[in-house]
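> from the sequence below, what's the structure:
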Amino acid sequence: MKLKMIFFLILIVIIIVPAVAIERSAGISDREIIEALAGIKGDIKKLETEIKGDIKRLEEGQRNLLREMDKRFEAVDKRFEAVDKRFEAVDKRFGAVDKRFEEINERFGQLVNIFIGIVAAFAGIVTVTISLAIWDRRTAIAPVAAENREIKEREETIERALKEYAKSEPKLAEALRIVGLL
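Take a look at the predicted model:
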């Protein structure tokens, strides 16, 4: 029951408080309202002119900022151009180094070709020398061999002649026996 009573009191307070809170206005005439509106219009015009001035200043500030930004972008572009020139210079240096390597490779190839030529010439000289030695030996041996055959034939002929003569001469036979020819 107490709960119902408290609920009822809260309900009455909720209904009565808003009704008491409304304040009655002291009678304002239409004329006063029009004058107040005219004053507000004047204030609005002043604010509009101030806002227009502020907008003009903001626009001028934006133009100045844009000019400044353009100058800075131009400066950055110049820096990029300078960096590009540096890169081009580095590329030229690399090109020069590449050219030097190509020249070195060419010279190395030339040296290899010269070395091959020298080796081939040396091999040719050695081959010619050996061939000449073999040819010379063959050509030099042939007459010696022929002469040696002649000498052997003469020797055999002389030996036969001595053996024949030793048959009639006993002293010669004894000498040939000592030497081992008989």
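> what number of residues lie near residue 140?
Residues lying near residue 140 (other CB atoms under 10 Å) number 10. For every residue, glycine as well, the C-beta is placed using N, CA and C.
> next secondary structure after whichever strand or helix holds it?
Take DSSP states H and E as the rule and residue 140 turns out to sit in helix 30-168. Counting by DSSP H and E, the next helix or strand C-terminal to helix 30-168 is helix 170-179.
> in terms of secondary structure, what does that following helix contact?
Packed against helix 170-179, as judged by 3 or more CB pairs under 8 Å, 6 or more residues apart in numbering; DSSP states H and E, are the following elements: helix 30-168.
> just the pLDDT for residue 24.
We have a pLDDT of 52 for residue 24.
> and residue 96, what's its pLDDT?
pLDDT, read off for residue 96, is 90.
> now swap in residue 11 and tell me
Confidence score, pLDDT, at residue 11: 66.
> report the contact partners of the residue nearest to the spatial centre of the chain.
Nearest residue to the geometric centre of the chain (CA atoms, centre = their mean): residue 94, 10.3 Å. Contacts for residue 94 (CB atoms under 8 Å, 6 or more residues apart in numbering) come out as none.
> relative to residue 88, how far out is it?
Residue 94 sits at a distance of 11 Å from residue 88 (criterion: CB to CB, to the nearest Å).
> now stretch 122-132: buried residues?
Using 16 or more other CB atoms under 10 Å as the test for burial, stretch 122-132 gives no buried residues.
> figure out how far that stretch is from the centre of its chain.
How far stretch 122-132 lies from its chain's middle: 49 Å, per CA atoms, centre = their mean, to the nearest Å.
> CA-only coordinates of that stretch in PDB, if you can.
Presented in PDB, the C-alpha positions along stretch 122-132 are these (Å, rounded to 0.1, in the frame of the first residue of the first chain):
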ATOM      1  CA  PHE A 122     106.100 -22.700 -82.000                       C
ATOM      2  CA  ALA A 123     104.400 -26.000 -82.800                       C
ATOM      3  CA  GLY A 124     105.100 -25.400 -86.500                       C
ATOM      4  CA  ILE A 125     108.700 -24.700 -85.900                       C
ATOM      5  CA  VAL A 126     109.000 -27.800 -83.700                       C
ATOM      6  CA  THR A 127     107.300 -29.900 -86.400                       C
ATOM      7  CA  VAL A 128     109.500 -28.500 -89.100                       C
ATOM      8  CA  THR A 129     112.600 -29.100 -87.000                       C
ATOM      9  CA  ILE A 130     111.700 -32.700 -86.200                       C
ATOM     10  CA  SER A 131     110.700 -33.300 -89.800                       C
ATOM     11  CA  LEU A 132     114.000 -31.900 -91.000                       C
END
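> please renumber the chain so that the first residue is 150 from this point on.
That works, and once the first residue is 150, the last one we named lands at stretch 271-281.
> quick one: contacts of that stretch?
Counting by CB under 8 Å, 6+ apart, no residue sits against stretch 271-281.
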